[in-house]
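J.: Okay, sequence plus prediction incoming.
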Amino acid sequence: MRRNSKIFATIMVFVFAFSIMLGTATAAYADNAPLVGGLARTTVNAYFRKGPGVDQDILDVIKKGTEVVVLGKAGNWYKISHPDKRVGYVTGKYLEGLDKKLDEVMEEKIKLEERIKSLETKIDLSKLEKNIVLATTTSTQDTGLLDTLVPAFSKKYGVNVKVIAVGTGEAIEMGKRGDADVILVHSRKSEDAFVAEGFGVNRRDVMYNFFLLVGPKDDPAKVSEAKDAVSAMKAIADNGSTFISRGDESGTHKKEKDLWKLANIEPQAQKWYMEVGQGMGATLTMANEQGAYTLVDSGTWYAYQDKVNMKIVLEGDKALFNPYGVIAINPAKYPNIGYNSAMAFVEFITSQEGQTIIKEYKKNGYQLFVPDAK
């Protein structure tokens, strides 16, 4: 009798546990929680991120009501396949599971492996547009990198690329107007906003280098004694030494403004501060002629250093990190752009072939950019 009681108790424990599991599963369906291997729908315009977390790169914005396939789960984040076949993450609070029977979900899981294999973006070579416009920052042209990179792309794909080097700010504006097919720029905040506002898609990391503060060899403001970029900007302001700014809303200009802001300095009204509205090469040349300081990307500096009588007065601060990204213009906003060829360029510049060209490109013995595609 005692043994039967133990068996009965054991059975009741299993029944109770199964009831809890069944109740949890039912609750999950009742709450429309997404299921791995099933379908889900976005409940708002949701950020589509590279990884699980708000600190991860924003790849795109998925419109409200978009159906996606759920590939996995990490905490409160769901790994999903984007309608254009990219893979990324969306927070669970912006997803609802679709009303599907369990056998349908299981069938979806069986097909999942085949679906994942088809997720890679493929370029249809038969639909490439013959001509595209690349809007980019002047540093990529002034360094000569595009003189090597673009011909290699054109030779491989048979696509003519018109390069317009105007600085990051204007390159982004060209993208917003639909006057470019693809942009290559270096201002991450502006790039993320560009994608979030629906103007660009498929942003990819390409490469990076660093900003440098350069100035006269006698360094009248003693900037070389500064411990970081903010201290360096304060030293220039305190000394009243001339500072030449690009003043063109380029990536370099945006970084410079960030540094002045961190230093709590408003230089625009100062006699020692000059905004010239020029590209990087021209700005560096003017700074050299006037014995002034300026901010320059390392790529342009190494390409120009033998042409100027200046020196690096500050480098190495993490605030001077300078990443570049490539973004295709959104065809949903501008249907007439050369989207296929723009995506071919994105794929090429981030491929092993394109990244090798970037890695091996040097001036005066210096590597100007570090490939960084992921």
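T.: In hand now; what should we look at? Residues are numbered from 1 along each chain as shown.
J.: From residue 174, how far off is residue 180?
T.: 4 Å (CB to CB, to the nearest Å). To be clear about C-beta, it is placed using only N, CA and C from the backbone, and glycine gets the same treatment.
J.: now swap in residue 154 and tell me
T.: 20 Å.
J.: Compare these two (neighbour count), which wins?
T.: Higher neighbour count among residue 154 and residue 174: residue 174, with 20 against 15, using other CB atoms under 10 Å.
J.: so what's that one up against?
T.: 133, 135, 164, 166, 180, 183 (CB atoms under 8 Å, 6 or more residues apart in numbering).
J.: ok, now with 6 Å
T.: Each residue near residue 174 by CB atoms under 6 Å, 6 or more residues apart in numbering is listed here: 135, 180.
J.: Now do the SS call for it.
T.: When classified by DSSP: H, G, I helix; E, B strand; the rest coil, residue 174 comes out as helix.
J.: Also residue 78?
T.: strand.
J.: quick revisit: quick check: neighbours shared by residue 180 and residue 174?
T.: Counting by CB under 6 Å, 6+ apart, the residues touching both residue 180 and residue 174 are residue 135.
J.: any low-confidence regions in the chain?
T.: Scanning the chain with the threshold set as pLDDT under 70 gives 1-31, 83-85, 98-123.
J.: what's the single longest strand in it?
T.: strand 200-216 (DSSP state E).
J.: Which elements pack onto the helix or strand following that strand?
T.: Sequence-wise, the next helix or strand downstream of strand 200-216 (DSSP states H and E) is helix 229-239. Packing contacts for helix 229-239, counted by 3 or more CB pairs under 6 Å, 6 or more residues apart in numbering; DSSP states H and E, involve helix 251-262.
J.: Name the nearest residue to residue 47, ignoring sequence neighbours.
T.: residue 58 (5.2 Å; CB to CB, 6 or more residues apart in numbering).
J.: and that neighbour, what does it touch?
T.: 47, 49, 192.
J.: Compute the distance between the closest residue to the last one other than its chain neighbours and residue 197, please.
T.: When you say that, I think you mean residue 192. Sequence neighbours aside, residue 58 is the residue nearest to residue 192 in space, at 5.2 Å (criterion: CB to CB, 6+ apart). Distance of residue 58 to residue 197, given as CB to CB: 11 Å.
J.: Also residue 33?
T.: Taking CB to CB, one finds residue 33 at 31 Å from residue 197.
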